[in-house]
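1. I'll drop the sequence and a predicted model, then ask my questions.
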Amino acid sequence: MAIRAIISLILPVLLLSGCGEFQQQRRTTPTESRATLPQASTPQASMPMGAVDQILQVAASLLGTPYKYGGSSPSGFDCSGFTAYVFRQAGIGLPRTAAAQYKFTRRIMPADLDVGDLVFFRIDGRKIAHVAIYTGDNKFIHAPASGKHVTVDSLANPYWQEHWIGNGRAF
């Protein structure tokens with residue numbers, strides 16, 4: 001009987017913490033181009049007016065830009081250089097590294113994840129090693145690694161699920 005009570009307490013937490021339980025965003029259709037990201041339906045509470053749309057537009061315009069270690073310009077980006085550059089274009093200053101961006105942002109729960117928020121990953125060891133911009137529909141845009149380009153990936157991907165450690169709001 002005690003086991004059933006424990007399971008009834010734990011099961012709802014596990015179900016709510018799953019990666020697929022995010023706030024719904026506008027879904028893209030197969031006819032929309034790869035570079036089209038969802039428009040923010042309502043601005044974040046303290047986000048400068050239009051900044052979310054600007055973040056998404058700038059990020060989408062950079063799809064295909066090559067990864068460059070230490071890069072922070074359209075000639076090449078690393079992950080935190082990409083997020084800092086995109087946010088700067090929308091008038092929001094972010095620190096330069098993924099770890100500093102994690103410390104700078106306000107933690108938010110997966111259920112509260114919204115377009116324009118940052119998602120953070122721990123790739124090797126215990127430090128924050130990767131950051132991306134949430135675009136809605138369980139997707140994010142980022143500069144992934146050497147030899148790759150700025151791209152859109154899914155939080156449902158087992159690799160990213162395994163390394164995903166938190167979310168932050170910069171506004």
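-> Nice, thanks for sending it over.
2. how about the strands in the chain?
-> Along the chain, the segments classed as strands by DSSP state E run 72-73, 76-77, 106-107, 118-121, 130-136, 139-142, 151-154, 164-169.
3. will you turn the ones you listed into a markdown table that also has distance to residue 63, mean pLDDT and mean neighbour count?
-> From N, CA and C alone the C-beta is placed, and that goes for glycine too. Rendered in a markdown table, the data for the strands of the chain read as follows (distance: least, CB to CB, whole Å; pLDDT from 0 to 100; neighbours: other CB atoms under 10 Å):
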| stretch | distance to residue 63 | mean pLDDT | mean neighbour count |
| --- | --- | --- | --- |
| strand 72-73 | 16 | 97 | 14 |
| strand 76-77 | 11 | 98 | 22 |
| strand 106-107 | 27 | 97 | 11 |
| strand 118-121 | 17 | 98 | 24 |
| strand 130-136 | 11 | 97 | 25 |
| strand 139-142 | 7 | 98 | 24 |
| strand 151-154 | 7 | 98 | 16 |
| strand 164-169 | 21 | 97 | 18 |
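4. out of these, which comes closest to residue 54?
-> Between residue 54 and the strands of the chain, the shortest gap by CB to CB is with strand 130-136, which sits at 11.9 Å.
5. and the contacts of the closest one?
-> By CB atoms under 8 Å, 6 or more residues apart in numbering, the list of residues contacting strand 130-136 from outside reads 25-26, 37-38, 55-56, 59, 79-80, 83, 86, 98, 101-102, 113-123, 140-142, 144, 152-153, 163, 167.
6. what about the chain, any weak spots by pLDDT?
-> Counting by pLDDT under 70, the chain contains low-confidence ranges at 1-49.
7. where along it do the helices fall?
-> With helices called from DSSP state H, the chain shows them at 2-16, 51-61, 79-89, 98-104, 158-163.
8. mean neighbour count, these: which tops it?
-> Counting by mean count of other CB atoms under 10 Å, helix 79-89 has the highest mean neighbour count of the helices of the chain, with a mean of 23.
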